[in-house]
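[1] next one to model:
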Amino acid sequence: MPRKSILAVNAGSSSVKLTFFTYEKSPKVIANAQVSGITAPPPSFKYTHKSGTCKEQLRETLNTPQDAFKYLLQRCFSDPELSEVASTDDLAYICHRVVHGGDYDHAVTIDDETYHRLEELEDLAPLHNFSALEIIRMCREDLPSVRSITFFDSAFHQTLPECVRTYAINQTIARSNKLRKYGFHGISYAFILRSTAGFLGKPAEKINMIALHLGSGASMCAIKEGKSVDTTMGLTPLAGLPGATRSGDIDPSLVFHYTSDAGTLSPSSTKEMHISTAEEILNKQSGWKALTGTTDFSKIAVDNPPTPAHQLAFDILVDRIMGYLGSYFVKLDGRIDAVVFAGGIGEKSPLLRKTIIEKARCLGLAIDNVANEKGPADDQSIMEISQGQGSGPRVLICQTDEQYEMAYDCYQTHGDSE
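    Reported below is the predicted structural model:
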């Protein structure tokens, strides 16, 4: 009997999410399972399948993403109502989201050669790749009969022009150490591009757009004729827009004035993962949490913010977005099909969307307040919130789905070979 499922894995330092999909051209969700709070016990478990959703706090000790991954597999495989995925024998592929893919411009099947290259990339992005690579290691050892495919957030941006991706530093050192702009959130941008093209009824290679993936990690991307031509993140996801705990763009010298220990190892470093104090501060101790004390943007994007600091955090994010929006509008020569909001904040904050579009009215953008407040339905991947639909650059909301994008691309690439 042919294998019938694709497992998409999205691992972070404190959470692991699994989604099982049917193995077909337009994959359908079979079940979702997630463990969160790995670094802040007790961990919590959330499970959604055809019988409904259950949530619970776990008594089990899950210290690492691998522990969480093993626990999730065991829970799913032991569920009698989840007959489609009773064991690894039912899996066609495991798709892993990996943030940093170096120079890879496409997803790769893991073998000895590609695994070795991923090990080398770990030094380039220890803060972002470590959790995913630990699970890939485990799958190679414990699930050798199931092929693993890695999908890279940086792959979508391999089309960046040389002048955009190159930093003005010594190029011999830059090439030797692979120091350039890579860009991230690419799996999401691939989904957004494909969804927008379908919504507008145009081929993806004909689409010009500015996409905003706004969440606790936030970025923007200028897409010209279906290809990334600029994006806000750089060598790492730290560059560009501020996030929940990330500083975003700063003067490169700032961190050395912030602390004299910038180059020392952070206490959170381990034998396997080396993190500098500077990386720890700018990635985990900055952003709107540093300004307001909360990482929850829904408490910041309100009509009557509780403190001036909350208003300042909102204004800073808007200001940085506006700067990139104007820059990308010029880079696309003003010929834009759509401005698209995505990500947890982009999809759920009517106030942020309204503020940005109203400030960008000189670019011909306008918003329908009723549609904007309503937002998309749960099963609606994309919707329009433009005022006077079709009269100028369209304003859209896309409920991006990186898990689905991996499963979709996996079948498009490998489905006919089964």
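[2] chain center to the helix or strand containing Arg175: distance?
    Using DSSP states H and E, Arg175 falls within helix 171-177. The chain centre lies 27 Å from the centre of helix 171-177; the measure is CA atoms, centre = their mean, to the nearest Å.
[3] pLDDT on it, on average?
    The average of the pLDDT scores along helix 171-177 is 96.
[4] show me what it is packed against.
    Applying 3 or more CB pairs under 8 Å, 6 or more residues apart in numbering; DSSP states H and E, we find helix 171-177 packed against no helix or strand. Every residue, glycine included, has its C-beta placed from N, CA and C.
[5] following that helix, which helix or strand shows up next?
    Next along the chain from helix 171-177, counting by DSSP H and E, comes helix 186-200.
[6] flag every buried residue along that following helix.
    Applying a neighbour-count criterion of 16 or more other CB atoms under 10 Å, one finds 186-197, 199-200 buried in helix 186-200.
[7] stretch 52-65 too?
    Within stretch 52-65, the residues scored as buried using 16+ other CB under 10 Å are Leu58, Leu62, Thr64, Pro65.
[8] in helices, which of those residues fall?
    Here DSSP state H is the test, and the buried residues of stretch 52-65 give Pro65 as lying in helices.
[9] still on that earlier bit, between the buried residues of helix 186-200, which sits nearest Ile345?
    Checking the buried residues of helix 186-200 against Ile345 by CB to CB gives Ser188 as the nearest, at 12.9 Å.
[10] contacting residues around the nearest residue to Gly102 once chain neighbours are set aside?
    Excluding the flanking residues, the one nearest Gly102 by CB to CB, 6 or more residues apart in numbering is Leu121, at 4.9 Å. Leu121 makes contacts with His100, Gly101, Gly102, Asn129, as judged by CB atoms under 8 Å, 6 or more residues apart in numbering.
[11] could those residues go into a markdown table alongside neighbour count?
    Output for those, formatted as a markdown table (neighbours: other CB atoms under 10 Å):
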| residue | neighbour count |
| --- | --- |
| His100 | 23 |
| Gly101 | 28 |
| Gly102 | 19 |
| Asn129 | 25 |
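[12] mind telling me what element Tyr47 is part of?
    Counting by DSSP H and E, Tyr47 is part of strand 44-49.
[13] please apply the same query to Leu72.
    Going by DSSP H and E, Leu72 is part of helix 65-77.
[14] hmm, who's touching stretch 397-405?
    Under CB under 8 Å, 6+ apart, the answer for stretch 397-405 is 8, 10, 17, 19, 21, 27, 29, 97, 151, 187-188, 190-192, 194-196, 211, 213, 340-343, 346-347, 353, 375-376, 380-383, 385.
[15] only whichever of the residues you listed are buried, select them in ChimeraX.
    Buried subset of the contacts of stretch 397-405, written as a ChimeraX selection, criterion 16+ other CB under 10 Å:
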select :8,10,17,19,21,27,29,97,151,187,188,190,191,192,194,195,196,211,213,340,341,342,343,346,347,353,375,376,381,382,383,385
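[16] show me the contacts of stretch 397-405 that map onto strands.
    Mapping the contacts of stretch 397-405 onto strands (DSSP state E) picks out 8, 10, 17, 19, 21, 29, 97, 151, 211, 213, 340-342, 382-383.
[17] in contact with Lys46, which residues?
    Counted by CB under 8 Å, 6+ apart, Lys46 has contacts Asn32, Ala33, Gln34, Ser36, Thr53, Cys54, Lys55.
[18] filter the residues you listed down to the ones in strands?
    Per DSSP E, the contacts of Lys46 map to strands at Asn32, Ala33, Gln34, Ser36, Thr53, Cys54, Lys55.
[19] need those residues in a markdown table (columns: distance to Asp368 and pLDDT).
    Output for those, formatted as a markdown table (distance: CB to CB, whole Å; pLDDT from 0 to 100):
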| residue | distance to Asp368 | pLDDT |
| --- | --- | --- |
| Asn32 | 32 | 96 |
| Ala33 | 37 | 96 |
| Gln34 | 34 | 96 |
| Ser36 | 35 | 92 |
| Thr53 | 32 | 92 |
| Cys54 | 37 | 92 |
| Lys55 | 35 | 94 |
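[20] which of these sits closest to Leu291?
    The closest of the ones in strands among the contacts of Lys46 to Leu291 turns out to be Ser36 (CB to CB; 24.0 Å).
[21] relative to Ser44, how far out is the closest one?
    Noted for Ser36: a distance of 5 Å to Ser44, by CB to CB, to the nearest Å.
[22] what does Tyr258 give?
    For Tyr258 relative to Ser44 (CB to CB), the value is 34 Å.
[23] and the contacts of Leu121, which two are the farthest apart?
    Gly102 and Asn129 (9.9 Å).
[24] ranges for the helices of the protein?
    65-77, 112-121, 126-142, 162-165, 171-177, 186-200, 254-258, 277-284, 287-292, 308-331, 343-348, 350-359, 369-374, 402-414.
[25] now the ones you listed as JSON lines including distance to Leu238?
    Shown next, in JSON lines, are the helices of the chain (distance: least, CB to CB, whole Å):
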{"stretch": "helix 65-77", "distance to Leu238": "21"}
{"stretch": "helix 112-121", "distance to Leu238": "17"}
{"stretch": "helix 126-142", "distance to Leu238": "9"}
{"stretch": "helix 162-165", "distance to Leu238": "16"}
{"stretch": "helix 171-177", "distance to Leu238": "17"}
{"stretch": "helix 186-200", "distance to Leu238": "16"}
{"stretch": "helix 254-258", "distance to Leu238": "11"}
{"stretch": "helix 277-284", "distance to Leu238": "6"}
{"stretch": "helix 287-292", "distance to Leu238": "10"}
{"stretch": "helix 308-331", "distance to Leu238": "13"}
{"stretch": "helix 343-348", "distance to Leu238": "17"}
{"stretch": "helix 350-359", "distance to Leu238": "21"}
{"stretch": "helix 369-374", "distance to Leu238": "30"}
{"stretch": "helix 402-414", "distance to Leu238": "20"}
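[26] domains of the chain?
    5-152, 202-402 (automatic domain parsing).
[27] got the end-to-end distance for the shortest one?
    With CA to CA, to the nearest Å as the measure, domain 5-152 spans 21 Å from end to end.
[28] what sits against Arg75?
    Ala33, Phe45, Tyr47.
[29] tell me, how many residues neighbour the last one?
    The one in question is Tyr47. Applying other CB atoms under 10 Å, we find 21 residues neighbouring Tyr47.
[30] so where's the stretch 201-350 of the chain uncertain?
    Along the stretch 201-350 of the chain, the model assigns pLDDT under 70 to residues 269-273.
[31] mind redoing it with 90?
    261-276 (pLDDT under 90).
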